[in-house]
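>>> give me a model of this one.
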Amino acid sequence: MKPPKKILLVLGMSALFFLLWFTAYRLLAENQQPAHSEERGEKIQEQPTSIISGMVVPHHDIVRQRRTEFFTEIHKKFFAEENPKTVILISPNHFEQGRANIQTTNRVWHTDRGDISPAQSVINILVQNGIAIQEPESFIREHGITLILGNIRQTFPGATLVPIIVKRETTPAEIELLATTLNTVCASCLVIASVDFSHYQPAALANLHDQLSLRALQNRDRTLLFKHAEVDSPAALAFLAQWATLRNTYQFNTFDHTNSGVITGQPDTETTTHIFGWYQEGTATAPNKSVTFAVAGDMMFGRAIGHSYEKKGFTHLFDTIGNRVLWGVDAAFANLEGPTTAQKVAYDPKLMSLSFLFPKTSIDALSFLHLDGVSLANNHTLNNGSAGLRETRDLLQKSGISPIGDPSHVTDTSVTFFTGEGLRLAVVGVHALVDSSGTAPLIRKLKKDPGNRILIFPHWGTEYALTHSKTQEALAKQWIDAGADLIIGAHPHVIQDIGVYKGAPIVYSLGNFIFDQSFSQETQQGLIVTGSFTGDGLSLYLFPHRSTRYQPTLLRGEEKQTIIDRITKNIKPYLKQSDAGSFLFFPNR
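Numbering: from 1, shown residues only. Here you go, the predicted model:
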């Protein structure tokens, strides 16, 4: 049935009226546009087109003044005309309080600059959908929230607040749901991630860890943040990175990067680092090429160590050194001096057997340290036979730890790759006391890829000798001639000297990391080597440690310097100084 002609006429007249109105509106709008500067004879002030979605600020009060300056700069740059109506403030749950991984509260916040009201409707949606629960008491002592409130009230008066704290075990899925929900109900909100970066490490090591964290922020890489960032809340940073992606603000800008050890002039103490930055519209920030690593020496969990620590937990071996030293890098590994089994292991502390076997609970300690791999290319890996080697590899891989190398030979499977930013670290485990003949051919094959940086991790040398042998030196030169970029050795159970050949460093022996050889001072000392390959070359940082009751502690001051002076006495030209401490630098060859 056709519609009446009268209705068709009315519809046609309406469409014509709309067309005429729209044309007139467009013409009027065009006429109201400012003339070109050439026509008006004056300069036009261009308005900024970029917007900001979120920022990261430290709550560490040593940088309180710098934090205020940062807020002032952000306000001047982005909010001179209009403040954000709502701020989402996300912080670590430092004291792990409350029931849920993600918590919030609808309290009114009182500051010395005035009150801050809660964004009640947004908070209600998070609670009603089970994404967060209200836990007001968890916020009472949470300095990640309270220390930022004054800055928010002073800089953005009138803005309401969505306070969020997240526990350490908050999952990527929980963070994704939180971000996508808030993007639906509060898309114009400004996110502030209250996060301090590296904790408790000497300044040089802390700054190295921050290389990875900063790169992850530049790439908005939530996986890297969750797995490797040595910060007080990977989850809060992952939320910020996802928020930036959802808001199409890909450019990360850095306002400042500071270190408490440098600020106080005490770089060898336990420090905290701080990154001030924000996301805005624009081309994504391109990180510099780099791949970072940390390497520790010989580890064993049998004999007296198993007897002393299995029941209380092997993680207590690290009560003094903590679990952050080897965290915060692309590749963290050590030498695992023996096989692991799911079977029960018996210990006789009086019997110093040379056949090692560790319970599978020892792998918890490896995970606790954030190790990415362990070398099996040594003289104790086969102590439980070939079946024991297979079981060890299986247990490690199930825990996400890569077995590096083989105790019998060197083949293509002896290399393990760790990916950085535009560079890849190829770690080759070599039991040089048995057969290293396949090492040089493997190096030459790896060298064909210009993105590879090749680190050889050999088991070699003479036990308890403080200087390297001629055999070690000959092998090192052979491997460097083939294209190796760095050699770091194990097995002598003491720290040996460091050499250089054709511009490539050779750390002959790291000594013990976890071992029950308490019969001498030298066997209770060890060395952790960390570093970074970049487009310019290789930087190495040396951290001696000493064990007491088998527990390692980083050395500081004169005791640390005495060891560094001994092992670097023949390579002084490569030693460099910075505000964060000394390091070794080797330009690209």
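>>> can you pull out the helices in the stretch 51-200 of the chain?
Per DSSP state H, counting those that start in this stretch, the stretch 51-200 of the chain carries helices over the ranges 64-78, 120-128, 143-155, 172-185.
>>> do the stretch 201-350 of the chain as well
Counting by DSSP H, counting those that start in this stretch, the helices of the stretch 201-350 of the chain are 203-219, 222-228, 234-246, 260-264, 303-309.
>>> for the stretch 401-550 of the chain, same thing?
Remark: helices assigned in the stretch 401-550 of the chain by DSSP H, counting those that start in this stretch are 439-447, 470-482.
>>> reformat those as TSV; add mean neighbour count, distance to residue 189 and mean pLDDT.
Bear in mind the C-beta positions are built from the backbone N, C-alpha and C, glycine included. Converted to TSV, the helices of the stretch 401-550 of the chain look like this (neighbours: other C-beta atoms under 10 Å; distance: least, C-beta to C-beta, whole Å; pLDDT from 0 to 100):
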stretch	mean neighbour count	distance to residue 189	mean pLDDT
helix 439-447	19	48	98
helix 470-482	18	55	98
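>>> how far away is residue 187 from residue 457?
Residue 187 is 49 Å from residue 457, where distance means C-beta to C-beta, to the nearest Å.
>>> more neighbours: which of these two?
residue 457 (26 against 11; other C-beta atoms under 10 Å).
>>> my guess is residue 433 meets residue 379, correct?
Yes - in this structure, residue 433 is within contact of residue 379 by C-beta atoms under 8 Å, at 6.0 Å.
>>> related to what we said a few turns ago, among the helices of the stretch 51-200 of the chain, which is nearest residue 481?
Closest of these to residue 481 is helix 172-185, at 44.7 Å (criterion: C-beta to C-beta).
>>> circling back to that earlier point, export the helices of the stretch 401-550 of the chain to TSV and tack on distance to residue 172?
Shown next, in TSV, are the helices of the stretch 401-550 of the chain (distance: least, C-beta to C-beta, whole Å):
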stretch	distance to residue 172
helix 439-447	32
helix 470-482	40
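>>> ok so, going back, from the helices of the stretch 51-200 of the chain, which stretch is densest packed?
helix 143-155 (a mean of 20; mean count of other C-beta atoms under 10 Å).
>>> helices and strands around that one, which ones?
With contacts defined as 3 or more C-beta pairs under 8 Å, 6 or more residues apart in numbering; DSSP states H and E, helix 143-155 has these neighbours: helix 64-78, strand 86-92, strand 109-111, strand 114-116, strand 160-166, strand 190-194.
>>> any chance of these in CSV, plus mean pLDDT and distance to residue 493?
Putting those into CSV (pLDDT from 0 to 100; distance: least, C-beta to C-beta, whole Å) gives the following:
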stretch, mean pLDDT, distance to residue 493
helix 64-78, 97, 46
strand 86-92, 98, 39
strand 109-111, 97, 57
strand 114-116, 97, 59
strand 160-166, 98, 43
strand 190-194, 98, 44
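>>> out of the ones you listed, which comes closest to residue 264?
Per C-beta to C-beta, nearest to residue 264 of these: helix 64-78, 14.1 Å.
>>> identify the residues contacting the closest one?
48, 51-52, 55, 57-58, 83, 147-148, 151-152, 154-156, 255-256, 258, 274, 276, 278, 280 (C-beta atoms under 8 Å, 6 or more residues apart in numbering).
>>> could you flag which of those residues are buried?
For the contacts of helix 64-78, a neighbour count by 16 or more other C-beta atoms under 10 Å gives the buried set as 52, 55, 57-58, 147-148, 151-152, 154-156, 255, 258, 274, 276, 278, 280.
>>> so who does the closest residue to residue 578 other than its chain neighbours touch?
Of all residues not flanking residue 578 in the chain, residue 204 sits nearest, at 7.3 Å (C-beta to C-beta, 6 or more residues apart in numbering). By C-beta under 8 Å, 6+ apart, the contact list for residue 204 reads 267, 541, 578, 580, 581, 582, 583.
>>> any common contacting residues for residue 433 and residue 379?
459, 491.
>>> which pLDDT value belongs to the residue nearest the centre of the chain?
Among the residues of the chain, the one closest to the centroid is residue 229, at 2.1 Å (C-alpha atoms, centre = their mean). pLDDT for residue 229: 98.
>>> nearest spatial neighbour of residue 566, skipping sequence neighbours?
residue 497 is the one closest to residue 566 (C-beta to C-beta, 6+ apart), at 7.4 Å.
>>> ok, residue 358 touching residue 347?
No - at 10.3 Å, residue 358 does not count as touching residue 347 under the criterion of C-beta under 8 Å.
>>> okay, those two: which has more neighbours?
Between residue 358 and residue 347, counted using other C-beta under 10 Å, residue 358 has the larger neighbour count: 29 against 17.
>>> so what sits opposite that one in the bridge?
On the basis of DSSP bridges, residue 358 takes part in beta bridges with residue 340.
>>> now it: how far from residue 316?
According to C-beta to C-beta, residue 358 stands 15 Å off from residue 316.
>>> cool, residue 136 as well?
Here residue 136 is placed at a distance of 35 Å from residue 316 (C-beta to C-beta).
>>> burial count for residue 561?
14.
>>> coming back round to it: so the residue nearest to the centre of the chain touches residue 328, yeah?
Yes - Residue 229 lies in contact with residue 328 (C-beta under 8 Å); the separation is 6.7 Å.
>>> before we move on, the earlier item: buried subset of the contacts of residue 204, written for PyMOL?
Selecting only the buried entries of these in PyMOL, with 16+ other C-beta under 10 Å as the criterion:
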select buried, resi 267+541+580+581+583
